[in-house]
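Asks: with the sequence up front, the predicted model follows.
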Amino acid sequence: KSDSNATCTADGTKTAKCDRCDVTDTKPDTGSAKGHSFTDYASDGNATCTADGTKTAKCDHCDETDTLTDEGSATGHSFTSYKTDSNATCTADGTKTAKCDRCDATDTVSDAASMLPHTFEKGECTVCGAEDPDYVNLTWIWIVVAVVVLGGGGFGVYWYVKKKKEKQQAAL
């Protein structure tokens, strides 16, 4: 009859009592080792953003522990605080980047509606060279005005002065 002394890793013994007297005989109970029983695994809390962690259980019968990969326990990155990269231009939105809350990984995404306004001077953007749709080039108008004033207006003044002199001479 088993002495119920087998452990997880060692066979126990079995004892028999003589049918005619009180003498006992104890022998190894070969094959009676129970083997470990690991049924209550708990996470070790060591998963990272990209790698599964481990889980450990204590044997139901002894102090032996067993550790396994905790499949599917990787936490994934957590990107919550995006900051502008200050790279928007007047022709394209910029980007913004966040550092993972749990590790050093970064994530860069488009920074929607961050495009800068054009900076126009003399009808042209100083950053990208785009043409200012509201710019009126007055150069030709000034040239025309100068020609009229100097050319036609000058002749008009000459003619007026000449006629006035002729009237003065006629009056004498």
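Replies: Perfect, thanks for sending it.

Asks: which strand residues bridge the spatially most central residue of the chain?
Replies: Against the mean C-alpha coordinate of the chain, by CA atoms, centre = their mean, the closest residue is residue 107 at 1.9 Å. Judged by DSSP bridges, the bridge partners of residue 107 are residue 98.

Asks: wait, doesn't it sit right on residue 95?
Replies: No: assessed by CB atoms under 8 Å, residue 107 is found out of contact with residue 95, at 10.3 Å. All C-beta atoms are positioned from the backbone trio N, CA, C, and that covers glycine.

Asks: now residue 20: how far from residue 1?
Replies: 17 Å (CB to CB, to the nearest Å).

Asks: I meant residue 32, not that one.
Replies: When distance is defined by CB to CB, residue 32 is 12 Å away from residue 1.

Asks: touching both of those two, which residues are there?
Replies: With contacts taken as CB atoms under 8 Å, 6 or more residues apart in numbering, the residues that reach both residue 32 and residue 1 are residue 14.

Asks: ok but residue 140 is inside a helix, no?
Replies: Yes: residue state for residue 140 (DSSP: H, G, I helix; E, B strand; the rest coil) corresponds to a helix.

Asks: residue boundaries of the strands in the chain?
Replies: Secondary structure of the chain, counting by DSSP state E: strands at 12-17, 24-29, 42-43, 54-58, 65-69, 83-84, 94-99, 106-111, 120-121, 124-125.

Asks: residue 134 is nearest to which of the ones you listed?
Replies: strand 120-121 (8.1 Å; CB to CB).

Asks: sheet-wise, list the partners of the closest one with their directions.
Replies: Looking at strand 120-121 with DSSP bridges, its paired strands and their directions are strand 124-125 (antiparallel).

Asks: what about residue 86, neighbour count?
Replies: For residue 86, the count of nearby residues is 10 (other CB atoms under 10 Å).

Asks: just the pLDDT for it.
Replies: Reported pLDDT at residue 86 in the predicted model: 96.

Asks: surely it and residue 94 touch.
Replies: Yes: applying CB under 8 Å, one finds residue 86 in contact with residue 94, separated by 6.7 Å.

Asks: quick check: phi and psi at residue 133.
Replies: When quoted as degrees, to the nearest 10, the phi and psi of residue 133 stand at phi -70, psi -20.

Asks: who are the contact partners of residue 32?
Replies: Residue 32 is in contact with 2, 6, 11, 12, 14, counting by CB under 8 Å, 6+ apart.

Asks: next, it: phi, psi?
Replies: Backbone dihedrals for residue 32, given as degrees, to the nearest 10, come out at phi -90, psi 0.

Asks: need the nearest residue in space to residue 111, chain neighbours excluded.
Replies: Counting by CB to CB, 6 or more residues apart in numbering, residue 111 lies nearest to residue 96, which is 4.2 Å off, once chain neighbours are set aside.
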